[in-house]
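1. coords please:
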Amino acid sequence: MIDYKTLSTTRHRAYDGDYWCKIRILYEGAKTLKDALATSSKVRTEIFPQHLGEEPDVYAERIKRSCYVNYLSQLVDYIISVLFSDPVKVTAGGDGEDLKPGSVAPFYEDFYRNTAQPGSRPVTFNEALRRVALDALLFKRAWLLVEFPKKPTDADGNPIAPASRYDEEQLEAGGQYKRAYCCSVDPECVYDWERAEDGELAWALIHDKDYPRPTVDAKRTTCVETFTVYDRSTWTRYVWEYDEEKSVPKDTDKPTRVESGPHNFGRVPLLDFTIPDGLWAGGKMENIAVELFNKLSALSWGQYRSLFQVIAVTLQDADPKNGFSPIAEDQNRAINQTLGPGRVWVGAERDQIRYIGPDSAPFAEARAYLAELRDEMHRVLHQMAQSVDNSGAALKRSGESKKMDRAAGAIVSRELGRLFREITVAIYQTIAAGRNERDKVWSVSGLESYDEQSPMDVITEAVQLENVNIPSPTWQTIHRHNLAIKLTPGLTDEQRDKVYEEIQNTLASTAAAKSPDEQRGIVQATAAAHQAGIISRQTATQHLANMFGVKDVGVEHAKIDAEADAAMNREGASLMGGKSGDAGDMDDGAEGTEAVDAVYQQLADDFEPKAIEWVHEVDWEGPTDVPLEEIDFSGQDAWAASKHEAKVNKFAKKISDGFKKPAILVKGPDGGKYRVADGHHRALAYKQLNKPVRAYIATVDKDGFAAAMEMHSSQKVQS
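-> A predicted model of the protein is given here:
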């Protein structure tokens, strides 16, 4: 049987409990800091050391009058608030297909709404993730324990019937609990851990202490000390119970009791998350916070003492050469008289009384140094931003101090958002594994709205842009839509789409009401924008159709193409270098740079930039109609889209009504059929209609093919 020393004394080499405790005290400040300074300890010596030769009573008085301004919590809390202003959202699927919120099974929706243990105060998933983010920023490392409620078993570990109606209601038909829960574990409590060859945890050890008081007449001196070991298939808890006033466990003592049992996660359910050194706010600010605390306290202490100035009295010498004076003969006259309002002090002719105080120069120097420390504390945010790739240019673009702060905050939050979306996937994968649902693929969005502009900046910019005459319906629609999103954070995808549609319709009705000359000017401007490569031919067609007031776009699509094409060619032929012809020219696709840009822009809103870099290395064609027999549908049963019949049907109806958003198809270097890189729902809808798939197409090399197939793993916004 394992003994107390084996579990209580060994720590992992990366364990730094004293340092983490120090950072925690500095972050919490206030009473936590006062309590830490109240008793002699290592952490007190490091945070607020006694001066060399300082008397104990003076040191104690300095501690009482110490002054701490918590800049550490201000910075960390600011980063957290910016990051979680766009809450994380989780959907489940396969093959990276886009899914709307609400596609997650009720079990996971319940977990999203409440991650707390049964009987505890409800804690949403975003609240739990916020705590993980806070621990990571403060301590560089954060731990999260994922568990299911313990099932009732007999002495042999076999399942037994629920003891109550409540216990029965907590179980699903298959014996699984209806709830999962997770909780943060303080880094100081995770004593040791070991990794296997695959990089995953092989086991981890958590330490905890509790002081229960079973009855009112009992003392709170009984300690229940536990060491819980988790491995990939089991958990074991070693418990020591003792009265701290009587004795503490000896190194060779065996545990009071041992509990153990299996789990189904297939991995250690204690998840660890580590952020890069460049984003470790606690490590960057700890030393500055301690220095600022000591200097500010020293300045406060010195000023406090100097406010009570000392009276200095110079007495006339009682030498007879100065003349006989009975007052001068009294050598105690400086202390045997009381000074104060309404009192008279009697002195000799040459006696002098004055107030003396310390030199003020050191105070001025101390205040200047404190200002430098405060500035250095605020520069930490910029240091963190500089640690993220490609951040320098963004910071240089923001000349004013407040704008630089917002830019730095956006850069840091953007990188942290990427990290914590990955963490969210790991959490949900662990829970799914515990339910034997390892085939689920999780998509996470959110944690990515970091506006570098204040609302007033946005409004000012909007007012200024309204005075710029850009007669482009496309630009006007995009500009107004972006403005609405900036001023109204937190909109759902459906609300954003609705806003865009309403803006587009409003601009269309406004354009239709213009005079013929005004309409002709818009047509010419649209033609010029197309020729310059600003908008595609298809977009130009759609907006000209809106200008002519055709409202049922689906039914009248052929009519739209013909009328818009005629208008485009009639009014813009000289600009486009084209000639009037059949309506199909307006959607005859593109090649070269225009097609590359169109594909990239279509994917840019949904994928991380690194995931679509391969697009620029490929020669694209289209959009064009690709026959169904040239597309590889052999793996369609594994597509998440195959499970979303309603959504595929919706796309089929939209396509029948004229919807033409192209899919993205690629063919490998060995030839064969095209594979769907993006737009699985649309591809199935075309197949349902027995129509060729409208798509951008390209033949790619081996690396490009791999990048195209892996692209969906970096999808950021679901729509």
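2. what's the local residue count around residue 671?
-> Other residues within reach of residue 671, judged by other C-beta atoms under 10 Å, total 7. All C-beta spots, glycine's among them, are computed from the backbone N, C-alpha and C.
3. host element of residue 2?
-> Counting by DSSP states H and E, no helix or strand carries residue 2.
4. grab the nearest non-local neighbour of it.
-> The spatial neighbour of residue 2 that comes closest, neighbours along the chain excluded (C-beta to C-beta, 6 or more residues apart in numbering), is residue 238 at 6.5 Å.
5. show me what the helix or strand where that neighbour lies is packed against.
-> Mapping residue 238 onto the secondary structure by DSSP H and E places it in strand 234-243. Applying 3 or more C-beta pairs under 8 Å, 6 or more residues apart in numbering; DSSP states H and E, one finds that strand 234-243 contacts strand 222-231, strand 257-262.
6. lowest-confidence stretch among the ones you listed?
-> Of all the helices and strands packed on strand 234-243, the minimum mean pLDDT falls on strand 257-262 (a mean of 91).
7. on that earlier part again, which one of the helices and strands packed on strand 234-243 lies nearest to residue 303?
-> When these are ranked by proximity to residue 303, the top entry is strand 222-231, at 44.9 Å, counting by C-beta to C-beta.
8. what does that closest one rub up against?
-> 7-8, 191, 202-213, 235-244, 249, 263, 268-270 (C-beta atoms under 8 Å, 6 or more residues apart in numbering).
9. got the angle for that strand vs strand 257-262?
-> For the pair strand 222-231 and strand 257-262, the angle between their directions (axes from the mean of the first three to the mean of the last three C-alpha atoms, to 10 degrees) equals 30 degrees.
10. so what are the sheet partners of strand 222-231 and their directions?
-> Sheet neighbours of strand 222-231, with direction, are listed as strand 201-210 (antiparallel), strand 234-243 (antiparallel) (DSSP bridges).
11. can you tell me which of those strands comes nearest to residue 698?
-> Each of these was checked against residue 698 via C-beta to C-beta, and the shortest separation belongs to strand 201-210, namely 42.0 Å.
12. just how off-centre is the closest one within its chain?
-> Computed by C-alpha atoms, centre = their mean, to the nearest Å, the chain-centroid distance of strand 201-210 equals 27 Å.
13. residues touching that strand, excluding its own?
-> Here strand 201-210 has contacts from 7-8, 145, 185, 189-196, 223-232, 267-268, 270, 272, using C-beta under 8 Å, 6+ apart.
14. list buried residues within those.
-> Using 16 or more other C-beta atoms under 10 Å as the burial test, these include 7, 145, 185, 190-193, 223, 225-231, 267-268, 270, 272 as buried.
15. mean neighbour count and distance to residue 613 added to the strands paired with strand 222-231, as CSV?
-> Output for those, formatted as CSV (neighbours: other C-beta atoms under 10 Å; distance: least, C-beta to C-beta, whole Å):
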stretch, mean neighbour count, distance to residue 613
strand 201-210, 17, 33
strand 234-243, 17, 44
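16. adding mean pLDDT, write these out as JSON lines.
-> As requested, the strands paired with strand 222-231 are exported to JSON lines (pLDDT from 0 to 100):
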{"stretch": "strand 201-210", "mean pLDDT": "96"}
{"stretch": "strand 234-243", "mean pLDDT": "94"}
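17. right, so of those strands, which gets closest to residue 219?
-> Nearest of these to residue 219, taken as C-beta to C-beta: strand 234-243 at 8.2 Å.
18. any idea which element residue 422 lies in?
-> In this structure, residue 422 sits in helix 401-434 according to DSSP H and E.
19. which of the residues in that helix are buried?
-> Going by 16+ other C-beta under 10 Å, helix 401-434 has these buried residues: 403-421, 423-425, 427-434.
20. what about the stretch 51-200 of the chain, any weak spots by pLDDT?
-> Per-residue confidence for the stretch 51-200 of the chain (pLDDT under 70) gives these ranges: 93-104, 150-178.
21. can you give me the strands for it?
-> 89-93, 141-147, 181-185, 190-195 (DSSP state E, counting those that start in this stretch).
22. what angle separates the first one from helix 401-434?
-> Read it as strand 89-93. 40 degrees.
23. show me what strand 89-93 is packed up against.
-> Counting by 3+ C-beta pairs under 8 Å, 6+ apart, the packing neighbours recorded for strand 89-93 are helix 106-113, helix 401-434, strand 441-445.
24. please repeat the previous calculation with a cut-off of 10 Å.
-> Taking 3 or more C-beta pairs under 10 Å, 6 or more residues apart in numbering; DSSP states H and E as the contact definition, the neighbouring helices and strands of strand 89-93 are helix 106-113, helix 125-139, helix 401-434, strand 441-445.
25. and that strand, which strands flank it?
-> By DSSP bridges, strand 89-93 pairs with strand 441-445 (antiparallel).
26. let me see the mean pLDDT of the partner strand.
-> Model confidence over strand 441-445 averages 85 on the pLDDT scale.
27. buried ones in the helix or strand hosting residue 21?
-> Element membership for residue 21, per DSSP H and E: helix 17-28. Under the neighbour-count criterion of 16+ other C-beta under 10 Å, helix 17-28 has 19, 20, 21, 22, 23, 24, 25, 26, 27 buried.
28. my guess is the last one contacts residue 68. True?
-> No - when contacts are counted by C-beta atoms under 10 Å, residue 27 is not listed as touching residue 68 (11.3 Å).
29. which neighbours do these two have in common?
-> Taking C-beta atoms under 10 Å, 6 or more residues apart in numbering as the contact rule, the neighbours common to residue 27 and residue 68 are 33, 289.
30. ok, back up a step: output the strands of the stretch 51-200 of the chain in a markdown table, with distance to residue 639 appended to each entry.
-> What follows is these, written out as a markdown table (distance: least, C-beta to C-beta, whole Å):
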| stretch | distance to residue 639 |
| --- | --- |
| strand 89-93 | 9 |
| strand 141-147 | 29 |
| strand 181-185 | 31 |
| strand 190-195 | 35 |
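31. of all those strands, which one is nearest residue 367?
-> strand 141-147 (37.2 Å).
32. what pairs with the closest one, and is each one parallel or antiparallel?
-> Taking DSSP bridges as the criterion, strand 141-147 forms sheet pairs with strand 181-185 (antiparallel), strand 270-274 (antiparallel).
33. quick check: angle from that strand to helix 17-28?
-> For strand 141-147 and helix 17-28, the angle between their directions (the same axes, to 10 degrees) works out to 90 degrees.
34. could you export strand 141-147 as PDB, CA atoms only?
-> Coordinates of the C-alpha atoms in strand 141-147 are reproduced here as PDB (Å, rounded to 0.1, in the frame of the first residue of the first chain):
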ATOM      1  CA  ARG A 141      -1.100  26.500 -17.300                       C
ATOM      2  CA  ALA A 142      -4.700  25.600 -16.700                       C
ATOM      3  CA  TRP A 143      -6.400  22.400 -15.700                       C
ATOM      4  CA  LEU A 144     -10.000  21.200 -16.200                       C
ATOM      5  CA  LEU A 145     -11.500  18.000 -14.800                       C
ATOM      6  CA  VAL A 146     -14.300  16.400 -16.800                       C
ATOM      7  CA  GLU A 147     -16.400  13.800 -15.100                       C
END
